[in-house]
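In: this one's sequence-less:
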């Protein structure tokens with residue numbers, strides 16, 4: 001058999017393997033159905049990844065984020081859905097610059113009954129979109145924990161809305177990882193203050209993290225990496 005014939009046969013065998021036996025990464029990229037809840041293994045703080053849009057997630061407190069933006073820019077994806085359910089309120093607050101999206105800026109909304117599934121909506125500013133990196137989420141996580149404690153929301157639900165805000169090129173797992181790092185830092189601070197007699201008993205008992213159908217598994221992996229590897233999970 002000639003070298004040319006052997007090479008052709010090898011190429012054909014590899015082609016057949018590609019067609020009939022897809023790679024593991026291709027098999028693992030299947031979308032997670034909406035409504036699915038994925039638990040993140042933990043012995044300290046219960047954390048779930050829920051595949052749901054923020055407007056349709058039940059709970060006491062729903063948290064979303066907005067970048068700084070020009071008034072003429074349109075809200076996209078889940079942010080547009082949320083805006084519609086709120087009767088255009090998000091667009092109004094943005095276009096009038098009553099909410100600018102500065103990093104750490106917060107706005108608490110108590111929607112009309114039935115407008116969205118959550119009883120209250122907290123918006124947190126993400127700052128400049130062009131310079132965004134996942135590390136900025138650590139600040140957001142700490143803010144969300146502190147605000148949840150202040151509002152008495154024991155089981156907050158968080159949607160980063162980074163992709164829907166127009167920032168691309170980042171892993172949702174990395175975004176979730178940095179957010180949870182900050183959230184656990186806030187938790188550790190609250191616990192230390194209480195132990196020192198300088199703060200109330202912490203009340204946050206669970207976190208639900210929202211993700212899209214194609215990002216749920218990656219998001220859970222990022223959260224698990226921090227939740228099971230950070231010393232901040234071991235609070236007094």
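Out: Everything's here; your move. Quick caveat, the model's predicted, so the values are computed rather than measured.

In: going by C-alpha atoms from here, please, whenever you check contacts or count neighbours.
Out: OK.

In: can you give me the strands in the protein?
Out: 37-40, 47-51, 59-67, 106-109, 118-127, 157-158, 207-211 (DSSP state E).

In: save those strands as JSON lines, and put in mean pLDDT and mean neighbour count too.
Out: As requested, these are arranged in JSON lines below (pLDDT from 0 to 100; neighbours: other C-alpha atoms under 10 Å):
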{"stretch": "strand 37-40", "mean pLDDT": "96", "mean neighbour count": "18"}
{"stretch": "strand 47-51", "mean pLDDT": "98", "mean neighbour count": "23"}
{"stretch": "strand 59-67", "mean pLDDT": "98", "mean neighbour count": "24"}
{"stretch": "strand 106-109", "mean pLDDT": "98", "mean neighbour count": "17"}
{"stretch": "strand 118-127", "mean pLDDT": "98", "mean neighbour count": "21"}
{"stretch": "strand 157-158", "mean pLDDT": "98", "mean neighbour count": "26"}
{"stretch": "strand 207-211", "mean pLDDT": "98", "mean neighbour count": "25"}
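
In: ok, which of those comes nearest residue 188?
Out: strand 207-211 (14.8 Å; C-alpha to C-alpha).

In: what's in contact with the closest one?
Out: With contact meaning C-alpha atoms under 8 Å, 6 or more residues apart in numbering, strand 207-211 is reached by 45-54, 155-160, 219.

In: what about the protein, any weak spots by pLDDT?
Out: Residue ranges of the chain with pLDDT under 70: 1-29, 230-236.

In: ok, now with 80
Out: Applying pLDDT under 80 to the chain flags residues 1-29, 43, 229-236.

In: how far out from the middle of the chain is the biggest helix by length in the chain?
Out: In the chain, ranked by residue count with DSSP state H as the criterion, the top helix is helix 172-195. Distance of helix 172-195 from the chain centroid (C-alpha atoms, centre = their mean, to the nearest Å) equals 14 Å.

In: now the angle from that helix to strand 207-211?
Out: Angle, helix 172-195 to strand 207-211, by axes from the mean of the first three to the mean of the last three C-alpha atoms, to 10 degrees: 160 degrees.
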